[in-house]
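A.B. asks: I'll drop the sequence and a predicted model, then ask my questions.
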Amino acid sequence: MLSTPTNTPMSSRAAGKARAPDVGIRARISAAQKAHAGAHFARPQRGSSTDDAAATHSTHSRRLSATLLVPHCVDLRPNEIREALNAKQMASLTKPVRKPHVRGRPNEQELHHGNVYVNWVRKGVLARMPHMSQKEVPAEQTTEYEATFDVLWAHVYEVDTLLPLYACWMTEDNIRQLIAITTVVKQQKTSMSTNSPRYFVDLEAMMAMIRAIQGVQQSIADAHRAQQRSAGADPSVP
């Protein structure tokens, strides 16, 4: 059974390492990469009655470009291709995979190790999901639920491609929490597209997931601003 996520911040050292590859790229993200990312984002609907969800989405949008990492650390292949390759790898994994521990920027081999570890943990989460209790979403909460899910999905889509990188640096508890969140949310999205959707998370759990992801993002952003201040740079520049 999956427990409700808690907002456990990264240590300053881990956050600093996670944010380091962002330094210097800023506006160098190509138009093609932006278009690729934008094509797959599910945006919250305008006019939502959920003030918290709208505020969360606004914060996420402002932070989006700052959290994209250098190209070799991010898999920019179409989502369908990544998911198919990950599914094939999960099916081949039969033995436990140890979490990688990397100092500095990971190389290709280390990122591959991170991806294998992520898929091993994800496989365990998927194995437990059939035993999760189904949640009821009252009709009067449907609009709020869907708006909040759109915000959560935008966060998950951004974080999902970074999990192999985060696996190299983050503590095991924190990275396992992020992997569990992204796995459950992706399964929830698939279920919601069917004629008879099942709900694995309720509104309260979704808000907890959003806060957990934001906690990681905020820790990384704070560490980067601290680095800029120590280097004499303008901390207001993304």
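C.D. replies: Structure received.

A.B. asks: Could you report the separation of A226 from I220?
C.D. replies: The gap separating A226 from I220 is 11 Å, by C-beta to C-beta, to the nearest Å. All C-beta spots, glycine's among them, are computed from the backbone N, C-alpha and C.

A.B. asks: In terms of neighbours, single out the busier of the two.
C.D. replies: Higher neighbour count among A226 and I220: I220, with 24 against 15, using other C-beta atoms under 10 Å.

A.B. asks: In which helix or strand does the more buried one reside?
C.D. replies: Using DSSP states H and E, I220 sits in helix 203-230.

A.B. asks: now that helix: mean pLDDT?
C.D. replies: With pLDDT averaged residue by residue, helix 203-230 scores 86.

A.B. asks: buried residues in that helix?
C.D. replies: Buried residues in helix 203-230, counting neighbours by 16 or more other C-beta atoms under 10 Å, are found at 203, 205-210, 212-225.

A.B. asks: you'd agree I213 is up against Y157?
C.D. replies: No - with contact defined as C-beta atoms under 8 Å, I213 does not reach Y157; the gap is 10.9 Å.

A.B. asks: Spell out the residue ranges of the helices in this protein.
C.D. replies: 12-19, 31-40, 51-67, 79-92, 108-128, 142-160, 163-169, 172-192, 203-230 (DSSP state H).

A.B. asks: any idea which of the ones you listed is most buried?
C.D. replies: Among those, ranked by average contacts under mean count of other C-beta atoms under 10 Å, first place goes to helix 163-169 (a mean of 24).

A.B. asks: other SSEs contacting that one?
C.D. replies: In terms of contacts (3 or more C-beta pairs under 8 Å, 6 or more residues apart in numbering; DSSP states H and E), helix 163-169 is packed against helix 12-19, helix 108-128, helix 172-192.

A.B. asks: Now with 6 Å, please.
C.D. replies: Contacts of helix 163-169 with other secondary structure elements, assessed using 3 or more C-beta pairs under 6 Å, 6 or more residues apart in numbering; DSSP states H and E, are made with helix 12-19, helix 108-128.
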